[in-house]
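Peer 1: Take this sequence and fold it.
(one chain, ligands or ions: 1)
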Amino acid sequence: MKNLVVITGASSGFGAEMAKIFNADGFPLLLLGRRTEKLEEVAKGMDNVMIDSVDVTDYDQFETAIRKAEDKYGKTDLLINNAGLMLLGNVQDQSPKEWQTMLDTNVMGVLNGTQIVLNDMIEREHGTILNVSSIAGKKTFTNHAAYVASKFGVHGLSETIREESAPKNVRIMMVAPGAAETELLTHVTSESALSDYEAWKKTMGGITLDPKHVAETVKFMYDMPQEVNIREVDIATTRQDA
Ligand code: NDP
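Peer 2: Model prediction:
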């Protein structure tokens, strides 16, 4: 049996595509998200898959799910910290609750997952943590202040932990996608931010990334031998100019 792969935010978008591609290659999986019925849909027909309803901001819930899967499949060799959300809005009027939700999920969620698996990886001198950031983790976009803050956070913590873990042969990787059609935009409450986004999308010919290509990229990064770390990949449609 291959090593255990844990994917957060596996109930839709990039995470669901990653689940399909790792399952097709025979990896046992733990798929996490808050919506059980969506996780069940993704896992339907797959062998060696566990699902668990977990909020990544809840450390204990997150850890319990991972330990349960490790009891069955062995230690986690790959954790993909993919769960996240983007609530667009202008700081002048966006609710601070939306900032808090983004920072808790996009930053604290990644730190939680990392601590839960990292110590075992360091002890074994083997393992990979791949964080899903964003192009908004390296450059700014209007109406994205709090999201940009959270994703700059993911860039910063990933590189810091990579430096700390490198001597122990543990890989910290990051993928930074551009715009893609997933459920991400469905949670945006600001009508004006949404219409600005739609106008921007038109400048790219209305074409956004197919989540499948992000999943294939992640699989390629992980499949490199343990001594090779593809530290960071930026992936966006060719027509995305920002
Ligand atoms: P989706 O909305 O389709 O997927 C987000 C996933 O995160 C869902 O499975 C959702 O599951 C999960 N999630 C959200 N909050 C929590 C939480 N508190 N606990 C556990 N799971 C949670 O969007 P994407 O696939 O696009 O997003 C995946 C990642 O990609 C995010 O980190 C996002 O920031 C990043 N990204 C997306 C881009 C895009 O344009 N789509 C571009 C760049 C980066 P559930 O609701 O069931 O909990």
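Peer 1: give me the low-pLDDT residue ranges for the chain?
Peer 2: Scanning the chain for pLDDT under 70 picks out nothing.
Peer 1: Kindly recompute the last result at 90.
Peer 2: 181 (pLDDT under 90).
Peer 1: who in the chain is up against the ligand?
Peer 2: 8-15, 33-35, 38, 54-57, 82-86, 105, 132, 134, 177, 179-180, 182-184 (C-beta under 6 Å from any ligand atom). Just so you know, the C-beta spots here come from the backbone N, C-alpha and C atoms, and that holds for glycine as well.
Peer 1: Around Leu184, count how many other residues there are.
Peer 2: 19 (other C-beta atoms under 10 Å).
Peer 1: and Ile135, what are its phi and psi?
Peer 2: The phi/psi pair for Ile135 (degrees, to the nearest 10) reads phi -60, psi -30.
Peer 1: State the distance from the residue positioned nearest the centre of the chain to Val175.
Peer 2: Nearest to the mean C-alpha position of the chain, counting by C-alpha atoms, centre = their mean, stands Asn82 at 1.3 Å. Remark: distance between Asn82 and Val175 (C-beta to C-beta, to the nearest Å) = 9 Å.
Peer 1: Now the common contact residues for these two.
Peer 2: Each of Val132 lies in contact with both Asn82 and Val175 under the rule C-beta atoms under 8 Å, 6 or more residues apart in numbering.
Peer 1: The protein: strands as residue ranges?
Peer 2: Shown for the chain, the strands assigned by DSSP state E span residues 4-8, 29-33, 49-53, 76-81, 128-132, 171-177, 232-235.
Peer 1: Adding mean neighbour count, write these out as JSON lines.
Peer 2: Shown next, in JSON lines, are the strands of the chain (neighbours: other C-beta atoms under 10 Å):
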{"stretch": "strand 4-8", "mean neighbour count": "27"}
{"stretch": "strand 29-33", "mean neighbour count": "27"}
{"stretch": "strand 49-53", "mean neighbour count": "19"}
{"stretch": "strand 76-81", "mean neighbour count": "25"}
{"stretch": "strand 128-132", "mean neighbour count": "25"}
{"stretch": "strand 171-177", "mean neighbour count": "24"}
{"stretch": "strand 232-235", "mean neighbour count": "17"}
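Peer 1: How far off centre is the helix of greatest length in the chain?
Peer 2: Looking across the chain with DSSP state H, the single longest helix is helix 145-165. With C-alpha atoms, centre = their mean, to the nearest Å as the basis, helix 145-165 stands 12 Å off its chain's centre.
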